[in-house]
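J.: let me see the structure of the following:
(one chain, ligands or ions: 1)
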Amino acid sequence: MNTDISRKKDEFETLLCFSKAIAAARHRSDLWEIVNEQLLENIGASYYTLCLINEDAVTHSPFLYSAEKKIRTVTGENPVMHLKHPVHDGIFNKAIDREEPVVFDLRSLIRQKNVPAYVIHWYNSGVKEMMLIRVCNGKEPKGVLYLYALKAGVFTKRRYGFFTSIADQLGTGVSNILANEKVELQLEEIRQYKIQLEQENRYLKEERKKDRLPADKTVGRSAAIRNVYELVEKVAASDATVLILGETGTGKELIAHQIHDSSPRRDKLMIKVNCAAIPANLLESELFGHEKGSFTGALDKRIGKFELADNSTLFLDEIGELPPEMQAKLLRALQEKEIERIGGKAVMKVNVRIVAATNKNLEEEIVAGRFRSDLYYRLCVFPITLPPLRERREDIPALVSFFIEKYAVGSGRKITGIAPKALQKLKAYSWPGNIRELEHLIERTVLLTSAGIITEVSLPSKNTMLFSRPDAETQVRSLADVEREHILKMVRLSNGRISGAAGAAAKLQLPSTTLISKMQKLGIRKEHFIDSGKENG
Ligand SMILES: Nc1ncnc2c1ncn2[C@@H]1O[C@H](COP(=O)(O)OP(=O)(O)OP(=O)(O)O)[C@@H](O)[C@H]1O
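T.: Have a look, this model is predicted:
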């Protein structure tokens with residue numbers, strides 16, 4: 001009776017120590033040590049194998065086992081089977097279906113038919129008795145713990161409760177370790193993915209450098225473009241928001257890159273969003289990202305361009321095309337300097353330098369009610385206007401030589417230059433599509449010229465030129481448009497005041513009541529000339 005009580009006390013202490021150790025185990029090797037150092041001796045076994053059911057549900061494989069070099073064998077065969085073994089091998093399946101341990105006497109077992117080879121190998125290693133206890137995760141059977149004793153009568157029935165408790169604890173430990181291994185595997189995948197992304201990023205930067213002109217090599221030394229370079233130089237080092245204005249193809253994106261490349265943020269990739277190219281319903285997710293499942297079709301979490309541009313520059317191209325609801329959201333992000341993913345629970349602080357560009361006249365867009373004046377003032381902290389090519393015709397020869405070389409090299413043609421007459425024709429043209437149009441024309445011409453110099457250039461007919469010229473003088477505008485623009489200019493100049501000596505009415509030489517009714521008729525509202533945004537810091 002007394003020995004029974006002291007045995008139970010010992011078992012209870014063993015279990016307590018075991019469960020503490022199991023709770024602290026993080027890796028397979030921790031569990032291996034615990035079983036070897038704390039369990040085997042207490043149970044009276046010499047060796048063990050813990051076999052788990054594989055994902056295929058029909059085979060099992062060893063997960064943990066005694067150090068193989070310590071197992072003495074007569075035949076030299078290793079009894080730990082590393083290959084997959086059928087669950088229904090006549091031994092494993094006897095234990096997996098039972099709550100209680102199953103004990104086998106090996107001498108009589110090996111006399112039976114179709115005994116698995118490992119049983120014979122264990123017998124050859126001197127094992128007399130083998131006990132199997134199933135190991136579960138909660139109620140779900142996961143595998144079987146095989147315990148091997150070198151003498152008979154070790155696994156007595158009165159200790160079955162203790163053995164089962166051990167197996168239960170082991171089940172919890174195994175589940176924790178498997179979950180931990182899965183997380184580590186995923187972390188490793190993420191680490192690999194990150195390395196790959198960093199490599200791609202570096203590669204893309206290199207490619208981009210090859211493709212793009214460095215700031216000091218941008219073609220063109222006319223006074224008009226030198227003025228732009230000076231502005232770029234002045235603003236690049238700061239964090240100020242820049243608004244690049246200019247007709248299509250004047251080089252706004254090139255200038256945006258130059259601002260970024262000359263800024264302290266140059267080591268990170270400049271992130272670009274073309275506000276006109278992305279459907280309005282996807283733009284919010286493009287800019288701010290979304291959480292998985294935040295809307296139909298949001299199958300995965302997505303990082304927005306704002307987040308990607310953290311500590312870098314975000315280039316918002318074609319900002320004039322931003323839909324009204326996105327204008328409000330962008331304004332908020334710029335004011336608060338924080339963003340929220342769609343479906344996200346927390347706001348994120350971001351440090352993003354904004355460079356925006358448009359070929360639209362944003363003041364006209366404001367008057368027409370299509371662009372928010374408060375967003376305009378927040379973006380227009382440092383405006384840079386690019387001259388159209390027709391206002392920098394002296395740069396045409398250099399640009400032509402540059403593009404001839406670029407496309408001759410690209411297409412493997414030996415083209416050395418352009419005839420003066422053809423160049424003269426290019427200098428006389430109005431270039432509504434600006435540098436991009438010139439570039440495309442030279443690319444086409446190079447492909448049509450086999451070698452030598454370019455003697456012929458094919459420009460659009462005069463009619464096309466006339467209709468496509470966006471010159472201020474030839475642009476068709478309504479009187480109301482011109483009136484609206486001029487009134488707006490005067491009201492802004494008067495800091496929003498209409499009446500009084502310093503008001504807009506006095507400047508326009510109109511009674512203030514006439515000006516107010518004119519403004520109402522033209523749809524000019526307060527928000528068109530008052531900036532409600534906070535200061536850009
Ligand atoms: N100074 C320059 N020297 C050489 N190439 C230039 C120069 N400026 C612009 N380009 C080239 O002209 C093309 C058009 O330039 P870019 O895309 O920057 O114009 P954009 O004003 O942004 O056009 P859009 O308004 O249509 O977006 C590009 O291929 C660019 O490399």
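J.: get me the contact residues on this structure for the ligand.
T.: 213, 218-220, 246, 248-254, 317, 359, 402, 435-436, 439 (Cβ under 6 Å from any ligand atom). Bear in mind the C-beta positions are built from the backbone N, C-alpha and C, glycine included.
J.: list buried residues within these.
T.: Among the residues of the chain next to the ligand, the ones that count as buried by 16 or more other Cβ atoms under 10 Å are 218-220, 246, 249-254, 317, 359, 402, 435, 439.
J.: narrow those residues to those in helices?
T.: Among these, the members falling in helices (DSSP state H) are 252-254, 402, 435, 439.
J.: okay, these in TSV with pLDDT next?
T.: Shown next, in TSV, are these (pLDDT from 0 to 100):
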residue	pLDDT
K252	96
E253	94
L254	94
F402	93
I435	96
E439	95
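J.: out of those residues, which is nearest to D395?
T.: When these are compared for distance to D395 (Cβ to Cβ), I435 wins out at 8.7 Å.
J.: list the contacts of H82.
T.: 61-62 (Cβ atoms under 8 Å, 6 or more residues apart in numbering).
J.: again, 7 Å this time
T.: P62 (Cβ atoms under 7 Å, 6 or more residues apart in numbering).
J.: helix, strand, or coil at it?
T.: coil (DSSP: H, G, I helix; E, B strand; the rest coil).
J.: mind checking pLDDT for the residue in the stretch 201-350 of the chain that the ligand sits nearest to?
T.: Of all residues in the stretch 201-350 of the chain, G251 sits closest to the ligand, at 2.8 Å by Cβ to the nearest ligand atom. The score at G251 is 95. That number is its pLDDT.
J.: that one contacts I384, doesn't it?
T.: No: taking contacts as Cβ atoms under 7 Å, G251 lies outside contact range of I384: 10.8 Å.
J.: helices and strands around the helix or strand where E485 lies, which ones?
T.: In the assignment (DSSP states H and E), E485 maps to helix 479-493. Applying 3 or more Cβ pairs under 7 Å, 6 or more residues apart in numbering; DSSP states H and E, one finds that helix 479-493 makes contact with helix 362-367, helix 504-507.
J.: which strand residues bridge the residue most central in space within the chain?
T.: For the chain, I303 is the residue whose C-alpha lies nearest the centre (Cα atoms, centre = their mean; 4.7 Å). Note on I303: beta-bridge partners by DSSP bridges are G289.
J.: could I get the phi/psi values of F104?
T.: Note on F104: backbone dihedrals following degrees, to the nearest 10 are phi -120, psi 140.
J.: what about the helices in the stretch 201-350 of the chain?
T.: Assigned by DSSP state H, counting those that start in this stretch, the stretch 201-350 of the chain shows helices spanning 223-236, 252-261, 280-288, 305-308, 324-336.
J.: which one of the ones you listed is the most hemmed in?
T.: Comparing those by mean neighbour count (mean count of other Cβ atoms under 10 Å), helix 252-261 ranks first with a mean of 22.
J.: can you list contacts of that one?
T.: Residues contacting helix 252-261 (Cβ under 7 Å, 6+ apart): 212, 215, 218, 228, 232, 235-236, 242, 244, 246, 266, 270, 313, 315, 317, 355, 357, 384, 386.
J.: now that helix and helix 223-236, what's the angle there?
T.: Per axes from the mean of the first three to the mean of the last three Cα atoms, to 10 degrees, the angle that helix 252-261 makes with helix 223-236 is 40 degrees.
J.: tell me the angle of the helix or strand containing I166 relative to helix 252-261?
T.: If you go by DSSP H and E, I166 is part of helix 160-211. Between helix 160-211 and helix 252-261, the angle comes out at 120 degrees (the same axes, to 10 degrees).
J.: packing partners of helix 160-211?
T.: Right, helix 160-211 is packed against helix 2-24, helix 28-34, strand 129-137, strand 140-149 by 3+ Cβ pairs under 7 Å, 6+ apart.
J.: if you count neighbours, what's buried in the longest one?
T.: If I follow you right, that is helix 2-24. 11, 14-15, 18, 21-22.
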